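1. Task: produce atomic coordinates for the following.
(chains A and B)
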Amino acid sequence: MHARTVLIAVAVGLLLGGCSPIEPWVKPYEREHFADPIMSFNRNPVSDVYLEHVLESREGSRGATGGVGGGCGCN
Amino acid sequence: MSLQRHTRTLLALCLCVTPALAGVLPDDRADVLYHRYQGGGITIQGPSVLVQKKVTDNLAVNYNFYQDYITSASIDVKLSASQYKEQRTQHSGGFQYLHGKSTYSAGIINSNEPDYKSNTSYYSVSQDMFGDLTTVTMTYKRGWDKVYRDIKDPATGRIVNDPRFGNTGLTGADIPFRDADHRGYSVGASQILTRNLIASFNYEVLTDQGYLASPYRKIRYLSPGAGKGFTLADQVYPNTRTSNAAAIEAKYYLWYRAAVTAQYRYFSDTWGIRGHTAEIGYTHPAWKSWIFDGTFRFYTQNAASFYSDLFPRANAQNFEARDRELAAFNSFTIGVGASYDFPIPRNRWINKSSLNFRLDHLLIDYKDFRNALLTGTAPGFTAGNEPLYKLNATIFQAFVSVWF
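-> Next up is the predicted model:
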């Protein structure tokens, strides 16, 4: 009985916690590295898409390789 | 092969769909690239030009012009067709509209070559959330292709589209093409995990319906005592295909200003193919104006359920394919690149410019695709016992980028 009470209390706590806004744990002023071009997933788009096309057109796999953002058909 | 051609079209989406962080439109930039692929008897080269431009604070447009000049004497061509040259031209255009923390993107892609026409449209929405640490993107795309088969006109000797390629019966008006339709659905998310680490996840479902085979490539089946011991016949593909792919990628900023990248993708489809892709990369700036890149990519897949290098007899099964893209193989790609930022003096409208080179070497080691050109050329090289085929290719790119 005691264990059940604790479990319910924990569950209710977690649910209520979901109502509070999530605090960004990496502050905007701590994100300067992501502004560096070397951290871009797609630094040279015209080159990246060409190379991806060359490789994938010789393979059976396709899709999900467009880096962030989805949508790169990449058949 | 049709699937490969469809690939080329859809890949253009990479140029157009939302960048890593939504809520930010892409930089104004233009790229002019020369590309050259050489290997396995094929040379493909040509230009690609990409322009991205913000027209208002909230709206950016992009346009890409891409061409392939193809000269092919590949192992497939030598076995069942004749050497050919052709040209493919692709235009793609799109826009990105920023509204608050959302980015809406849409565009169209048109690809044209003598025996393959393709049109694709795509629609995408991205949303920043959780203090802009997370970006979620959803995309839908739709493609309509027309597949033709080139033949030599017996009267003139010229290469023309087979006027009855699309005819399914013996009678009726001529139909020179067959249709292939495509749909794609994807959802992705990028996540800033620490001040030095960003990761992304992407899941995509693609479905195809229509004529999905190559009209030129052939299967071969055993025919002891006849010719080289095998006979060629047309491929028979299923009319539908659905695939699932899930990829995860992470990028880490090193303390001395360099970056490492790791990526993995799992793939499966209704044709029985399972694929694994793993890639690592390293980016290193040096001497103020240089950035060097190095990558290594490994890929492996098993064969499609209806693939065989050599079928035991004619019409051995309902679906039959010998496209080597459907064979089992391992693939290794190693690449290096260099970028040099150079100033353009006395120019007020260009903020930055760079000259870039990249060289990749691709090796594909087939596990069940044999070199049928070697049948009978040496003792023991009987049908089904030829050496396994290997593809070595060099991929070169040179491009100039300007930001304005």
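2. wait, doesn't residue B:350 sit right on residue B:344?
-> Yes: taking contacts as Cβ atoms under 8 Å, residue B:350 lies within contact range of residue B:344: 5.3 Å. Glycine gets a C-beta too; all of them are placed from N, C-alpha and C.
3. Need the overlap of contacts for the two.
-> Contact with both residue B:350 and residue B:344 is made by residues residue B:402, according to Cβ atoms under 8 Å, 6 or more residues apart in numbering or on different chains.
4. separation between the closest residue in space to residue B:374 that isn't next to it in sequence and residue B:235?
-> Nearest non-adjacent residue to residue B:374, counting by Cβ to Cβ, 6 or more residues apart in numbering or on different chains: residue B:386, 4.7 Å away. Taking Cβ to Cβ, to the nearest Å as the measure, residue B:386 falls 20 Å from residue B:235.
5. got it, and residue B:98?
-> 47 Å.
6. Report the secondary structure state of residue A:7.
-> Assigned by DSSP: H, G, I helix; E, B strand; the rest coil, the conformation of residue A:7 is helix.
7. Tally up the residues packed near it, please.
-> 10 (other Cβ atoms under 10 Å in any protein chain shown).
8. again with residue B:346
-> 5.
9. Would you agree residue B:189 is in contact with residue B:134?
-> Yes: using Cβ under 8 Å, residue B:189 makes contact with residue B:134 at a distance of 6.3 Å.
10. okay, these two: which has more neighbours?
-> Higher neighbour count among residue B:189 and residue B:134: residue B:189, with 20 against 16, using other Cβ under 10 Å.
11. So for the strand or helix carrying the more buried one, what gets flagged as buried?
-> Counting by DSSP states H and E, the element that carries residue B:189 is strand B:177-194. For strand B:177-194, a neighbour-count test (16 or more other Cβ atoms under 10 Å in any protein chain shown) marks B:177-178, B:180, B:182, B:184-192 as buried.
12. Could you tell me whether residue B:32 really is in a strand?
-> Yes: residue state for residue B:32 (three-state DSSP) corresponds to a strand.
13. Quick one: residues contacting it.
-> Counted by Cβ under 8 Å, 6+ apart, residue B:32 has contacts B:47, B:48, B:49, B:399, B:400.
14. So which of these sit within strands?
-> B:47, B:48, B:49, B:399, B:400 (DSSP state E).
15. which regions of chain A sit below the pLDDT cut-off?
-> Applying pLDDT under 70 to chain A flags residues A:1, A:13-21, A:66-75.
16. Quick one: the strands in it, in order.
-> Under DSSP E, chain A gives no strands.
17. could you pull out the helices for it?
-> A:2-17, A:45-56 (DSSP state H).
18. go on, the stretch 1-150 of chain B?
-> Ranges of helices in the stretch 1-150 of chain B, per DSSP state H, counting those that start in this stretch, are B:2-10, B:13-16, B:75-80.
19. Ramachandran coordinates for the nearest residue to residue B:240 once chain neighbours are set aside?
-> Nearest residue to residue B:240 in three dimensions, chain neighbours excluded: residue B:209, at 5.2 Å (Cβ to Cβ, 6+ apart). With angles defined as degrees, to the nearest 10, residue B:209 sits at phi -150, psi 130.
20. Return the residues in contact with residue B:198.
-> A:34, A:39, A:41, B:20, B:190, B:191, B:192, B:250, B:251.
21. Equivalent analysis for residue B:41, please.
-> Residues near residue B:41 by Cβ under 8 Å, 6+ apart: B:72, B:73, B:74, B:75, B:77, B:78.
22. Let me know whether the last one touches residue B:373 as I believe.
-> Yes: under the criterion of Cβ under 8 Å, residue B:78 is in contact with residue B:373, at a separation of 5.8 Å.
23. Mutual contacts of the two, please.
-> Counting by Cβ under 8 Å, 6+ apart, nothing touches both residue B:78 and residue B:373.
24. Close to chain A: what parts of the stretch 301-404 of chain B are there?
-> Residues of the stretch 301-404 of chain B lying close to chain A by Cβ under 8 Å from any Cβ of the partner chain are B:301, B:304, B:325-326, B:331, B:333, B:335, B:337, B:339, B:356, B:358, B:360, B:362, B:364, B:391, B:395, B:397, B:399, B:401.
25. how does it look with 7 Å?
-> Within the stretch 301-404 of chain B, the positions lying close to chain A (Cβ under 7 Å from any Cβ of the partner chain) are B:301, B:304, B:325-326, B:331, B:333, B:356, B:358, B:360, B:364, B:395, B:397, B:399.
26. List just the nearest of the buried residues of strand B:177-194 to chain A.
-> residue B:188 (2.9 Å; Cβ to the nearest Cβ).
27. can you pull the pLDDT of the closest one?
-> Residue B:188 is assigned 94 on the pLDDT scale.
28. Not counting stretch B:54-66 itself, show me its contacts.
-> In this structure, residues lying in contact with stretch B:54-66 by Cβ atoms under 7 Å, 6 or more residues apart in numbering or on different chains are B:12, B:15-16, B:25-26, B:28, B:48-53, B:90-99.
29. can you check stretch B:271-285 too?
-> With Cβ under 7 Å, 6+ apart, stretch B:271-285 has contacts from A:38, A:59-61, B:241, B:257-268, B:291-302, B:304-305, B:326.
30. Got a PyMOL select line for the buried ones in the residues you listed?
-> Remark: buried members of these, expressed as a PyMOL selection using 16+ other Cβ under 10 Å:
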select buried, (chain A and resi 38+59+60+61) or (chain B and resi 241+258+259+261+263+265+267+291+293+295+297+299+300+301+302+304+326)
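31. roughly how far apart are the closest residue to residue B:74 other than its chain neighbours and residue B:35?
-> Spatial nearest neighbour of residue B:74, excluding adjacent residues (Cβ to Cβ, 6+ apart): residue B:41 at 4.6 Å. Separation of residue B:41 from residue B:35 (Cβ to Cβ): 18 Å.
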